[in-house]
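Visitor: Okay, structure incoming, though there's no sequence with it:
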């Protein structure tokens, strides 16, 4: 089964208006989980490695430095709403920091995760899958 056959859509989507009322870090929290599930699924289905090795491969994709790099490559593809979601999350006061990432990289990563979360909760599966694919391909 290829990744294009797996459905990463949300069964009970909310409207854009409802999604934009959510705190940007809530969207990032959701987006982090969506990206982790995508990367874990894709890597696991293409490998017979032990879980420790799989985890290391997934970490390459979902770490803040990789997400910040992807944003530098794809931010121009964002539509107006996605760019706003990214900006709002990037500009949030963040109390924690990522291991092995600069503060700016962590903020960009949070913005990227928020866009993924927004696309997931609004059931924009085509855009979500597009950005997940790009982040996966660029990170390995």
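Guide: Perfect, I can see it now. Predicted model, so just to flag it, every value in this text is computed and none were measured. Residues are numbered from 1 along each chain as shown.
Visitor: From now on I want contacts and neighbour counts done on CA atoms only, so please keep to that.
Guide: Fine.
Visitor: Can you classify residue 13 as helix, strand or coil?
Guide: Following DSSP: H, G, I helix; E, B strand; the rest coil, residue 13 is assigned to coil.
Visitor: Run a quick neighbour tally on it.
Guide: Look at residue 13: counted by other Cα atoms under 10 Å, it has 15 neighbours.
Visitor: do residue 78 as well
Guide: Applying other Cα under 10 Å, we find 16 residues neighbouring residue 78.
Visitor: do you know how far it is from residue 11?
Guide: According to Cα to Cα, to the nearest Å, residue 78 and residue 11 sit 24 Å apart.
Visitor: same thing with residue 34?
Guide: Taking Cα to Cα as the measure, residue 34 and residue 11 are separated by 14 Å.
Visitor: between these two, who's got more neighbours?
Guide: Neighbours per residue, other Cα under 10 Å: of residue 34 and residue 11, the larger number sits with residue 34, 20 against 10.
Visitor: Per-residue pLDDT of that one, please?
Guide: pLDDT, the model's per-residue confidence, is 96 for residue 34.
Visitor: Toward the C-terminus from the strand or helix carrying it, list the very next helix or strand.
Guide: Secondary structure assigned from DSSP states H and E places residue 34 in helix 24-45. From helix 24-45 onward toward the C-terminus, using DSSP H and E, the following helix or strand is helix 51-62.
Visitor: Thanks again, I'm all set now.
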